[in-house]
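Visitor: attaching a predicted model along with its sequence, questions to come.
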Amino acid sequence: MNLSASSAITDNQLLEFAEPYGELGHQVAQLVKRCPPLDPNSTYCNLLQCEHFYSTSCSVLTTQKELVGFVSGYLLPQKPDTLFIWQVAVDPSQRGKNLGQRMMLHILSRDVCKEVQFLETTVTNDNKASIAMFSRLADFLKAPDVSKTVLFDKQKHFLGLHDSEVLFRIGPFSPPET
């Protein structure tokens with residue numbers, strides 16, 4: 001992989017945070033499959049995320065040339081001060097190192113996110129790991145408010161086939177410095 005990014009040493013492994021590129025879409029799809037309870041997207045969706053949103057709201061993490069982390073998201077078109085995080089995937093072998101948060105901070109530190117003051121995401125009530133990660137991120141960003149409201153209802157939107165998705169809105173905060 002030819003990724004240019006900031007790096008860090010963790011557990012004697014070189015971790016590289018970078019913007020993704022289109023060819024990584026298939027590897028992203030495979031990573032998400034290794035990360036239940038995440039809902040897998042089509043490989044095509046992941047290709048588009050890596051191709052269209054690489055500079056604005058996606059981040060990859062590699063170690064020893066292996067993709068071990070991916071964050072997908074986008075800047076909300078009607079709220080340019082808000083970054084929506086769609087999915088955070090960290091390979092099971094790399095969990096417990098705060099890498100999801102670090103990838104989100106990698107995105108927030110980019111020039112394109114300098115106006116971002118809010119972060120939104122959706123989480124199901126049973127996904128305790130994601131709830132904890134976003135709560136830690138809110139604390140780290142010193143965000144004074146975390147609001148939680150149901151965005152997509154189990155019955156109304158998912159016809160009872162998927163748990164309700166709760167919208168977390170974190171902010172306002174100042175983007176981290178690069």
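Guide: Looks like it arrived, so ask away.
Visitor: which parts of the strand or helix carrying residue 83 are buried?
Guide: When elements are defined using DSSP states H and E, residue 83 is found to belong to strand 79-90. Neighbour counts over strand 79-90 (16 or more other CB atoms under 10 Å) mark 82, 83, 84, 85, 86, 87, 88, 89, 90 as buried. Glycine gets a C-beta too; all of them are placed from N, C-alpha and C.
Visitor: which other helices and strands contact the helix or strand following it?
Guide: Once the chain leaves strand 79-90, the next helix or strand it forms, by DSSP H and E, is helix 99-108. In terms of contacts (3 or more CB pairs under 8 Å, 6 or more residues apart in numbering; DSSP states H and E), helix 99-108 is packed against strand 5-10, strand 13-18, strand 59-63, strand 66-76, strand 79-90, helix 128-140.
Visitor: at 6 Å what do you get?
Guide: Applying 3 or more CB pairs under 6 Å, 6 or more residues apart in numbering; DSSP states H and E, we find helix 99-108 packed against strand 59-63, strand 66-76, strand 79-90.
Visitor: which residues touch the shortest one?
Guide: Outside strand 59-63, the residues that touch it by CB atoms under 6 Å, 6 or more residues apart in numbering are 1, 13, 15-18, 20, 68-71, 99, 103, 106-107.
Visitor: give the pairing partners of that strand; include direction for each.
Guide: Sheet partners assigned to strand 59-63 using DSSP bridges are listed as strand 13-18 (antiparallel), strand 66-76 (antiparallel).
Visitor: ramachandran angles for residue 155?
Guide: phi -80, psi -50 (degrees, to the nearest 10).
Visitor: that one: neighbour count?
Guide: Residue 155: 9 surrounding residues under other CB atoms under 10 Å.
Visitor: circling back to that earlier point, I'd like the helices and strands packed on helix 99-108 written out as a markdown table, with mean pLDDT and distance to residue 50 added.
Guide: Converted to a markdown table, the helices and strands packed on helix 99-108 look like this (pLDDT from 0 to 100; distance: least, CB to CB, whole Å):
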| stretch | mean pLDDT | distance to residue 50 |
| --- | --- | --- |
| strand 59-63 | 87 | 8 |
| strand 66-76 | 93 | 9 |
| strand 79-90 | 95 | 13 |
